[in-house]
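Engineer: generate coordinates for the sequence data below:
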Amino acid sequence: MKVIIFCYLGDDFVGSCGRDLGAAKLGRLELAGGVCLPYEGVSRLHAILELDEASGQVMVTDLGSPHGTFVNGERVNGRRAVSSGDRVRLGTRVVLVLVFPVDGHVVDAEYLPPRGLN
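Structural biologist: This next block holds a predicted model:
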């Protein structure tokens, strides 16, 4: 499964990346196969975004970060499923908008930059 991750710092778009999703570690550390987010409030190893092979769902797991991981404003305690268009907040200001293309096409164009989060 492919995922496009749009990153915002507050309301400002700061970048995006696309990847085949197996498991991606999210945090300040630069790791092979990870997504480096060098921002205040993000832990070195903050969360994992992964495809659950059994259910086919994309899951986010908080790794005990002190500032927390949130999906659409709700704190993640352990592991939680995410869907295309969900906003995953790491810490206090970093928001990732996840988009899962269908047949290679992005179907929810409203989530794409330059439009901000508001």
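
Engineer: okay, CA-based contacts and neighbour counts for the rest of this
Structural biologist: Will do.

Engineer: give the contact list for the residue lying closest to Ala47 once chain neighbours are set aside.
Structural biologist: Taking C-alpha to C-alpha, 6 or more residues apart in numbering, and ignoring the residues beside it in sequence, Ala47 has Asp62 as its nearest neighbour in space, at 4.4 Å. Contacts for Asp62 were tallied using C-alpha atoms under 8 Å, 6 or more residues apart in numbering; they are 46-48, 68-69, 76-79.

Engineer: what's the answer for Val82, then?
Structural biologist: Residues near Val82 by C-alpha under 8 Å, 6+ apart: 57-60, 71.

Engineer: list only buried entries from these.
Structural biologist: 58-60, 71 (16 or more other C-alpha atoms under 10 Å).

Engineer: and those as CSV, adding pLDDT and secondary structure?
Structural biologist: Conversion of those to CSV gives the following (pLDDT from 0 to 100; DSSP: H, G, I helix; E, B strand; the rest coil):
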residue, pLDDT, secondary structure
Val58, 89, strand
Met59, 92, strand
Val60, 94, strand
Val71, 95, strand
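
Engineer: which non-adjacent residue is nearest the spatially most central residue of the chain?
Structural biologist: Most central residue of the chain, judged by C-alpha distance to the mean C-alpha position with C-alpha atoms, centre = their mean, is Leu96 at 4.3 Å. Spatially, and ignoring its direct neighbours in sequence, Leu96 is nearest to Cys7 (4.6 Å; C-alpha to C-alpha, 6+ apart).

Engineer: run a quick neighbour tally on that neighbour.
Structural biologist: By the measure other C-alpha atoms under 10 Å, the count of residues near Cys7 is 23.

Engineer: straight-line length of stretch 26-46, end to end?
Structural biologist: Counting by C-alpha to C-alpha, to the nearest Å, the length from the leading to the trailing residue of stretch 26-46 is 6 Å.

Engineer: for the helix or strand bottoming out on mean pLDDT in the chain, C-alpha coordinates in CSV please.
Structural biologist: Considering only helices and strands, the least confidently modelled element of the chain by mean pLDDT, DSSP states H and E is strand 12-20, at a mean of 82. Output of strand 12-20 as CSV, limited to C-alpha atoms (Å, rounded to 0.1, in the frame of the first residue of the first chain):
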residue,chain,number,x,y,z
ASP,A,12,2.3,25.9,7.7
PHE,A,13,3.0,23.3,5.1
VAL,A,14,6.6,22.1,5.4
GLY,A,15,6.9,19.1,3.1
SER,A,16,5.7,15.8,1.9
CYS,A,17,6.9,12.3,1.1
GLY,A,18,5.5,9.3,-0.6
ARG,A,19,6.3,5.7,0.3
ASP,A,20,5.3,2.1,0.1
